[in-house]
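Undergrad: Return atomic coordinates for the entry below.
(one chain, ligands or ions: 2)
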Amino acid sequence: MQTEHTPSSVNSSSVLRVELGMRSYPIHIGPGVFSEAGRLLRAAYSGRRAFVVSNPTVASYHLAALQQGLGAAGIAVEVWQAPDGEHAKNWEELYKILGWLLESRAERQTPLIALGGGVVGDLAGLAAALYQRGMPLIQAPTSLLAQVDSSVGGKTAVNHPLGKNMIGAFYQPQQVWIDTNTLSTLPSHEYISGLAEVVKYGAIRDRAFFDWLEKNTEALLAREPTVVGYAIHQSCRNKAMIVAADERETGERALLNLGHTFGHTIEAALGYGEWLHGEAVAAGMVLAGRLSTRVCGFDESEQQRLERLLAAFGLPLTCPDFPLETWMTLMGRDKKVADGKMRFVLLERLGHAVVRQDIGEDVLAQAIRG
Ligand code: NAD
Ligand code: GLY
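TA: Ligands and ions are numbered 1, 2, ... in the order given. Coordinates of the predicted model:
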């Protein structure tokens, strides 16, 4: 197996920091982080209770380890299990969690731990933001997507029938606990979907990481712990820097949406859950790259590298064949639309993305048609 050495400064465990002044927080990454949960929480909390929101799938695999880690510091947990799946990210489930917290007499300083993928993280995160105007939130992500993206940066939300993630808040966690051991139970298609977001960081701002990913595809697919740990570390490092520079997405943070305008359109047009988010983002990144070759001088050879890497991970390169009208209507609902104009994240080169809003409909249509 061809394995490029992971830079030696990153062992299997690492700690990063999201620098946001008084709201700065650590990201603990490594195998067995949950066994340290009690010690980590004690740094900020002296009470004996903590609340956990999870779902039945994740809880069945990973709740015990977290409970044990917290128990070692004398912290007992009370657990709420939301249904598994994107459909649980709604107002009703949010309201149930808030009711449970009230009935349990959760206090304002009692931590709420989100144990699960991005659905649990977004749902529990919004509950934490709302309960008594904000209780401490710990993100304990268990899917690769949540570990490299959704657990960091403070975006929390539920879906509305009229749009995904339309009801939400920016609410930063106080700590992020990424126990890489949890990935051992993650289904293959979910793991691969998460790899699309990993590729995204290389493409938008970290060319050396992109090169490294190309050399480590097999090790990543085999989930080699040190290699996966480094990929998570480097993804979180990139995300932490972007969030520190632009917490509320008034500028640079929009770059994290490479492929997402097209990806969200695929998800919405097919119906959520038909394609996984990362799969839609992968095909969306290919389309964004193709558009970039037309309008940003993105080199064809770099586009081929992007496509080769995504294909090596088994991610889709081609978008479903929707009528142009469907694309235009659904893309018009994107949260990046400003003053009625669509904005696109495009690549000038691998490792350097830009936001453009001056794309003519004819050029866009040509790129979509291939
Ligand atoms: P998910 O939370 O639905 O998890 C995917 C599936 O994997 C679920 O069935 C889950 O139960 C299961 N799972 C999770 N961890 C597991 C483990 N260790 N072992 C076995 N099964 C496990 O989906 P996701 O891909 O993690 O997240 C997608 C959600 O994240 C979407 O709602 C999206 O909007 C949101 N998101 C948010 C942000 C943000 O910045 N807040 C960023 C990206 C995505
Ligand atoms: N996942 C996009 C963001 O956090 O901004």
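Undergrad: what's the spacing between the residue of the stretch 251-370 of the chain found nearest ligand 2 and residue 275?
TA: Of all residues in the stretch 251-370 of the chain, the one sitting closest to ligand 2 is residue 256 (4.0 Å; C-beta to the nearest ligand atom). Glycine gets a C-beta too; all of them are placed from N, C-alpha and C. As judged by C-beta to C-beta, to the nearest Å, residue 256 and residue 275 stand 19 Å apart.
Undergrad: Also residue 22?
TA: Taking C-beta to C-beta, one finds residue 22 at 40 Å from residue 275.
Undergrad: picking that back up, for the residue of the stretch 251-370 of the chain closest to ligand 2, which non-adjacent residue is spatially closest?
TA: Among residues not flanking residue 256 along the chain, residue 242 sits closest, at 6.2 Å (C-beta to C-beta, 6 or more residues apart in numbering).
Undergrad: Kindly indicate whether residue 283 is helix, strand or coil.
TA: Classification of residue 283 by DSSP: H, G, I helix; E, B strand; the rest coil places it in helix.
Undergrad: so what's it up against?
TA: Contacts for residue 283 (C-beta atoms under 8 Å, 6 or more residues apart in numbering) come out as 259, 262-263, 266, 315-319.
Undergrad: which residues of this protein fall in helices?
TA: Along the chain, the stretches classed as helices by DSSP state H are 37-42, 56-71, 91-103, 118-130, 144-145, 188-205, 207-215, 217-221, 225-245, 260-270, 277-295, 300-312, 324-331, 361-369.
Undergrad: Could you pull out the buried residues of the third one?
TA: Meaning helix 91-103. 93-94, 97-98, 100-101 (16 or more other C-beta atoms under 10 Å).
Undergrad: Any chance of JSON lines for those residues, columns distance to residue 330?
TA: Listed next are those as JSON lines, based on distance: C-beta to C-beta, whole Å:
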{"residue": "93", "distance to residue 330": "25"}
{"residue": "94", "distance to residue 330": "25"}
{"residue": "97", "distance to residue 330": "30"}
{"residue": "98", "distance to residue 330": "31"}
{"residue": "100", "distance to residue 330": "35"}
{"residue": "101", "distance to residue 330": "36"}
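Undergrad: Get me the contact residues on the stretch 151-300 of the chain for ligand 2.
TA: Neighbours of ligand 2 within the stretch 151-300 of the chain, by C-beta under 6 Å from any ligand atom: 153, 155, 249, 253, 256.
Undergrad: Could you measure from the second one over to residue 89?
TA: Going back to what we said before, that points to residue 155. According to C-beta to C-beta, residue 155 and residue 89 sit 12 Å apart.
Undergrad: The first one now?
TA: When C-beta to C-beta is the yardstick, residue 153 and residue 89 sit 17 Å from each other.
Undergrad: re earlier: residue 22 and residue 275: which is more packed in?
TA: A direct count of neighbours by other C-beta atoms under 10 Å for residue 22 and residue 275 places residue 275 higher, at 21 against 4.
Undergrad: you'd agree that one is up against residue 265?
TA: No - the criterion here is C-beta atoms under 8 Å, and residue 275 misses it with residue 265 at 11.0 Å.
Undergrad: per-residue confidence for the closest residue in space to residue 206 that isn't next to it in sequence?
TA: Nearest residue to residue 206 in three dimensions, chain neighbours excluded: residue 238, at 5.5 Å (C-beta to C-beta, 6+ apart). Note for residue 238: predicted pLDDT of 98.
Undergrad: Compute the number of surrounding residues for residue 238.
TA: By other C-beta under 10 Å, 22 other residues sit near residue 238.
Undergrad: Equivalent analysis for residue 196, please.
TA: By other C-beta under 10 Å, 28 other residues sit near residue 196.
Undergrad: leaving aside the residues next to it on the chain, what's closest to it?
TA: residue 278 (3.6 Å).
Undergrad: residues in contact with the residue in the stretch 1-150 of the chain that ligand 2 sits nearest to?
TA: Ranked by C-beta to the nearest ligand atom, the top residue of the stretch 1-150 of the chain for proximity to ligand 2 is residue 149, at 5.1 Å. Residues in contact with residue 149, defined by C-beta under 8 Å, 6+ apart, are 118, 194, 197, 235, 239, 256.
Undergrad: Surely residue 309 touches residue 215?
TA: No - applying C-beta under 8 Å, one finds residue 309 not in contact with residue 215, separated by 10.3 Å.
Undergrad: Tell me which of the two has more neighbours.
TA: residue 309 (22 against 12).
Undergrad: The strand ranked longest in the chain near ligand 1 anywhere?
TA: Using DSSP state E to define each element, the chain has its longest strand at strand 163-170. Yes - applying C-beta under 6 Å from any ligand atom, one finds strand 163-170 touching ligand 1 at residue 165.
Undergrad: pLDDT of that strand, averaged?
TA: Averaging pLDDT along strand 163-170 gives 92.
Undergrad: cool, stretch 191-198 as well?
TA: The average pLDDT within stretch 191-198 is 98.
Undergrad: Would you mind confirming that residue 282 makes contact with residue 317?
TA: Yes - with contact defined as C-beta under 8 Å, residue 282 reaches residue 317; the gap is 7.2 Å.
Undergrad: Look at those two and report which has more neighbours.
TA: residue 282 (34 against 15).
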